[in-house]
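K.L.:
I would like to see how this sequence folds:
(chains A and B)
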Amino acid sequence: MAERYSSFAPGGTAWLLQRITAAFLVVVLAFHFFQLHFVNHAAEVTFMGTRARMENVGYFLTMVLFLIAGTFHGVNGVYNALVNQGLSGTPKKVVLAVLTIASVALIVQGIWVALAMAGMI
Amino acid sequence: MSQSYNRGLIEDYGRWKEFSAGMWAWIFHKFTGWMLIGYLFTHIAVLSTAIGAAQGETVEVFAEDLPNVEGTGLTEVDIYTATLGGLEGLFIVRLLEVGLLAVAVFHILNGLRLLMIDLGIGLEAQDKSFYASLILTGIITVASVPTFLKGVGF
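P.N.:
Okay, here's the model as predicted:
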């Protein structure tokens, strides 16, 4: 059996979006770790410090995009890994629905948190 | 002309003794991905204390117990600062953060390797680039330990 080393069907929208978000996440995840562990130490994070960072529009938008891209990339990766393991039929539809609801909930909650951090709500 | 590999059924993890470098890279990428998405949900849950903090919710803590609170004795701080400080004061949390860094760095480096493979760049060196990802992850992780464990061991 000859196959590609990938959980994704090549050429599909999910395949392309997974790679576009990957390219974005490589940069922003590295930045996130550097910013909050080396520039600012995680053990010194306070609400006022977080607010000061999140009041910067560019940083705020980067973090919201980071959340959306990370959620899509992660959940799409999990879904495709399960399909790759043999998930099919009704269980596949149920898993897709559950993961979609979980993703939307995470993004809504994350944006709510971001707005609270930035002092917008 | 696209090239394909006869990898057999990799989903049968019982075959792990027969796995080659590319197969290990595939499995490590998958497992680190599972950990990262699991962490993202936990991360947002912890950061949700910012909602309470923004509404003025506070708790009384002993300043000495939290690395992010100055002063001494019983102090009133917002719920977000208290939660993050409480977690960051625990050695096990700092140790888990080192683990998270290792997982994230490997996923980033192997992810770059996968993007290169998708673009058809360096296919013949895909096993070497996997080993390079592992070694670089190890070096970055070890070098980060003093920063991550500052105050709880270093």
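
K.L.:
Can you list the low-confidence ranges for chain A?
P.N.:
Scanning chain A for pLDDT under 70 picks out A:1-11.

K.L.:
Find the closest residue to chain B in it.
P.N.:
Relative to chain B, the nearest point of chain A is A:Gly74 (3.1 Å; CB to the nearest CB). Where C-beta positions appear, they are placed from N, C-alpha and C, glycine not excepted.

K.L.:
Kindly provide the distance from B:Leu100 to chain A.
P.N.:
Distance from B:Leu100 to chain A, counting by CB to the nearest CB, to the nearest Å: 9 Å.

K.L.:
That residue - nearest residue in space that isn't next to it in sequence?
P.N.:
In this structure, B:Leu100 finds its nearest non-sequential neighbour in B:Tyr39, 6.2 Å apart by CB to CB, 6 or more residues apart in numbering or on different chains.

K.L.:
is it fair to say that neighbour lies in a helix?
P.N.:
Yes. Under DSSP: H, G, I helix; E, B strand; the rest coil, B:Tyr39 sits within a helix.

K.L.:
wait, what's in contact with A:Val64?
P.N.:
A:Val64 makes contact with A:Gly110, A:Ile111, A:Ala114, according to CB atoms under 8 Å, 6 or more residues apart in numbering or on different chains.

K.L.:
what are the phi and psi values for the last one?
P.N.:
A:Ala114 has phi and psi values of phi -60, psi -40 when expressed as degrees, to the nearest 10.

K.L.:
Okay, the residue nearest to it when sequence neighbours are not counted and A:Val113: tell me how far apart.
P.N.:
Leaving out its chain neighbours, the residue that sits closest to A:Ala114 by CB to CB, 6+ apart is A:Val64, at 5.6 Å. For A:Val64, the distance to A:Val113 (CB to CB, to the nearest Å) stands at 10 Å.

K.L.:
re the thing from before, how close does the residue nearest to B:Leu100 get to A:Leu115?
P.N.:
The value you get for B:Tyr39 to A:Leu115, if CB to CB is used, is 22 Å.

K.L.:
Repeat that for B:Gly33.
P.N.:
From B:Gly33 to A:Leu115 the distance is 28 Å (CB to CB).

K.L.:
Looking at the two, which is more packed in?
P.N.:
A direct count of neighbours by other CB atoms under 10 Å in any protein chain shown for B:Gly33 and A:Leu115 places B:Gly33 higher, at 20 against 17.

K.L.:
is it true that that one touches A:Gly74?
P.N.:
Yes. Counting by CB atoms under 8 Å, B:Gly33 does reach A:Gly74; the two are 6.7 Å apart.

K.L.:
C-terminal to the helix or strand encompassing A:Phe31, what's the next element?
P.N.:
Remark: A:Phe31 resides in helix A:13-34, with elements defined by DSSP states H and E. Downstream of helix A:13-34, the next assigned helix or strand under DSSP H and E is helix A:47-54.

K.L.:
Show me what that following helix is packed against.
P.N.:
Contacts defined by 3 or more CB pairs under 8 Å, 6 or more residues apart in numbering or on different chains; DSSP states H and E place helix A:47-54 against helix A:57-84, helix A:89-118, helix B:49-54, helix B:79-88.

K.L.:
any chance of those helices in JSON lines, with distance to B:Asp65 too?
P.N.:
Listed next are these as JSON lines, based on distance: least, CB to CB, whole Å:
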{"stretch": "helix A:57-84", "distance to B:Asp65": "29"}
{"stretch": "helix A:89-118", "distance to B:Asp65": "24"}
{"stretch": "helix B:49-54", "distance to B:Asp65": "17"}
{"stretch": "helix B:79-88", "distance to B:Asp65": "7"}
